[in-house]
Every structure is written in structure tokens, then in C-alpha cells.
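Q: show me how the following folds:
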Amino acid sequence: MASTSVPASSLLQTDTVLVESIVSAVEGCLSMCGCQAGCVGLSRVPTHEIGTVTGIIGVHGDVSGFITVNMAERVAIAAVAGLLQEPLRELNSQVIDGVGEITNLIVGGIKKKLSASPWGFRHVTVPSVIVGRNYRIAFAGGLEFVAVTFEHRNPEAIMLDERLLQVAVSLIRL
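A: Reported below is the predicted structural model:
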């Protein structure tokens, strides 16, 4: 049996429209929250969720799928505190609701950026928020998957995993 080699460049190709829409939406949303984060990673395959708080919204139209916004607890608290313009110190129901709103804002930004592309979608579901670790999302075959990881600029967070936020887009054209 002959082996076929795949050029490394084809393994790393990512739809730049999807990546740019994610980066733009996250930067816009975090700006509203008085936060900053830099892009530190990109993946074309599903990875384990890096944080303990995940917002998820389904999308449909000419494409179908979902978008997740996963973040460390410290990132969630800081972003929601900035969005609400009030001090928050712990993960509570207000922060969980705020993560749903941040997820809405990010997905709305992605929707706007993708509207004129082949990845455009018209409808979104109500956000759900998952709190905790040790869950896995099953992905259907044929999905275009892109995850972009950001590092929140928070001098109080010593450990890297306390500063991470990841937005993943999983779409299939109908």
C-alpha cells in the first residue's frame, strides 16, 4: 500500500474570513468590556475547552452549526465587570448572565462580518452557558472548524490558563 503525504501547508490552511471575523468580533466585544486580549493560537481541530465558563449559540441560514465562547473564570469575571461597569469578585449568577450577553455580542460581530461571505448565517439561538470542566462536545463530520485562542491582558492572573479565552466556530454549508 502506497502512502500519500500531505503537504504541511495544506494542513495549516484556514479560512481567513472565519478567523478575521472571530478576531474582529472578540476585539470589539472586549473593547466594550474595557478589556484587551491578544490572539495567541489557532486550531482547525476541536480541542478540549480551556476555561470553566462556556457560552454557546446555535446558528443557521445558508450554513448551520454553533459558536462557543470559552473562558477562564477570571476572564469571565473581568469582562462582565467591565461590561456592567461594576466591581465583581466571584463567579455568580450575574457573571453567568453576563457571559451569555458577551457570547451574544461576539456571535453578533461574527454574524455581521460573515454576512457577505459563503459562511453567512441569518438566525441565532438563545445563548446557553455551561459552567464547569470535564465535558466534551461531539462534532458532526464535514464541519468547518476554527478555534482562535486569546490571552487576556490581566496582570493579576499569574497562571496562563487564568488568562485564556477561546472562540470556536463550527459550521457546515447546507
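
Q: for the closest residue to N104 other than its chain neighbours, grab the count of nearby residues.
A: In this structure, N104 finds its nearest non-sequential neighbour in P127, 5.7 Å apart by C-beta to C-beta, 6 or more residues apart in numbering. Where C-beta positions appear, they are placed from N, C-alpha and C, glycine not excepted. Using other C-beta atoms under 10 Å, P127 has 20 other residues around it.

Q: what's near enough to touch P127?
A: By C-beta atoms under 8 Å, 6 or more residues apart in numbering, P127 lies in contact with G55, I56, I57, G100, E101, T103, N104, V107.

Q: element containing G58, please.
A: strand 53-61 (DSSP states H and E).

Q: give the buried residues for stretch 132-146.
A: By neighbour count on 16 or more other C-beta atoms under 10 Å, the buried set for stretch 132-146 is L143, E144, F145, V146.

Q: which of the contacts of P127 lies closest to S93?
A: G100 (10.8 Å; C-beta to C-beta).

Q: wait, what's in contact with that closest one?
A: Counting by C-beta under 8 Å, 6+ apart, G100 touches G55, P127, S128, V129.

Q: what's the closest non-adjacent residue to the third one?
A: Going back to what we said before, that points to S128. I56 (5.2 Å).
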